[in-house]
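Enquirer: 3D, please:
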Amino acid sequence: MRNNSNVWGGIFASLLVFSVAGLGQNQLPPVPAPLSGAPGAAPAGAPARGGGRAAAPKKPSTPTPRWPDGHPMLGPTPGKLGYWDSGFGGMTGKRAPNLPTNIETSEVPFMPWSKALYQERQKTQQRSDPHARCLAPGGPRQFHTPYGLMLYEIPEQKRIFVISGGGPRSWRIIYMDGRPHPSGNDLNPSYFGHSTGKWDGDTLVVDTVGFNEKFWFARAGFPHTDALHIIEHISRPDYNTLKYEATIDDPKAYTAPWSGGYTIPWVEGEDFEEYFCQDNNRDAEHLIGPQ
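Expert: Down below sits the predicted model:
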């Protein structure tokens, strides 16, 4: 992979949609045996299997795989396939795979208008969810969209790509080169915002600003505004587990920052299935009422 910087830099966007999981992984330096889960309308906290896969017995995990400098690999190890089987978890509630530190929905520090909008979305069974219409899943939603998730670190370019197997098959860049966020007119609001990252021990800490208001950042339908600021903590405590936690800071929608997260299991030896929401929207049948 360390000889591929020109390829990744020039044509990455066109390649990653189709076969990114296998690109260049077998060119990494040897590492020790690995050190270490349809757009859905399921309620927050209710596990939704990615791609309709039946649950398999859980095997003991091996240790977290690491790069030569010691920090964790968040994707496949050299010469192997795999992906994170997203589609699980919610930002509130403590039922597995949610984190035991999650707050309950009743504890979310809504403002009156955001609480009323959240309750309306629940009353109408989330039929206005933009994700069900194949729009990109911003914020934590990218990490609980079914049909798989992958994180690819490109060390020579100092960036990490987060690739969604589901929805509109979106991808996002996390810049690891120490750059600041753009400001003023240079910050163009988008579905994924502008993300910068750094390693804090074994945890990837991602700071993101510059979101638009055209998506729901969680399946549950929590509102947000253009002031949304998200801090994500991403780690791989063992080979088979990705731990994801996000802090939501939106002073226009909530009276205080709040956090939630979940774990995601690893699927070994397989690649994403070929799923494109635009051609095969499996969530349309769940839309209820006038559209």
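Enquirer: which stretches of this protein have low pLDDT?
Expert: Across the chain, the ranges flagged by pLDDT under 70 are 1-59, 278-291.
Enquirer: Please enumerate the strands of it.
Expert: 82-84, 149-154, 159-164, 171-175, 194-200, 203-209, 229-238, 241-249, 258-268 (DSSP state E).
Enquirer: out of these, deepest packed?
Expert: Highest mean neighbour count of the strands of the chain: strand 82-84, a mean of 24 (counted as mean count of other CB atoms under 10 Å). Placement of C-beta: from N, CA and C, glycine included.
Enquirer: what packs against it?
Expert: Using 3 or more CB pairs under 8 Å, 6 or more residues apart in numbering; DSSP states H and E, the elements in contact with strand 82-84 are strand 149-154, strand 258-268.
Enquirer: counting contacts, what elements does the longest one pack onto?
Expert: By that I understand strand 258-268. Strand 258-268 packs on strand 82-84, strand 241-249, going by 3+ CB pairs under 8 Å, 6+ apart.
Enquirer: cutoff 10 Å now
Expert: Secondary-structure packing of strand 258-268 (3 or more CB pairs under 10 Å, 6 or more residues apart in numbering; DSSP states H and E): strand 82-84, strand 229-238, strand 241-249.
Enquirer: For these, give me JSON lines that also has distance to Pro60.
Expert: Formatted as JSON lines, these follow (distance: least, CB to CB, whole Å):
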{"stretch": "strand 82-84", "distance to Pro60": "16"}
{"stretch": "strand 229-238", "distance to Pro60": "9"}
{"stretch": "strand 241-249", "distance to Pro60": "12"}
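Enquirer: thinking again about what came up before, tell me which of the strands of the chain sits nearest to Gly75.
Expert: Nearest to Gly75, of all those, is strand 149-154, at 5.2 Å by CB to CB.
Enquirer: do you know which of the strands of the chain lies nearest Pro65?
Expert: Nearest of those (CB to CB): strand 229-238, 7.8 Å.
Enquirer: Would you mind putting the CA coordinates of the closest one into CSV?
Expert: C-alpha atoms of strand 229-238 as CSV (Å, rounded to 0.1, in the frame of the first residue of the first chain):
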residue,chain,number,x,y,z
HIS,A,229,-20.7,19.6,16.2
ILE,A,230,-19.8,15.9,16.7
ILE,A,231,-16.9,14.4,18.5
GLU,A,232,-16.5,10.6,17.7
HIS,A,233,-14.4,8.1,19.6
ILE,A,234,-13.6,5.0,17.5
SER,A,235,-11.6,2.0,18.8
ARG,A,236,-11.1,-1.7,18.1
PRO,A,237,-10.8,-3.3,21.5
ASP,A,238,-10.3,-6.7,19.9
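Enquirer: could you check the angle strand 194-200 makes with it?
Expert: Computed by axes from the mean of the first three to the mean of the last three CA atoms, to 10 degrees, the angle separating strand 229-238 from strand 194-200 equals 40 degrees.
Enquirer: Alright, that wraps it up for me.
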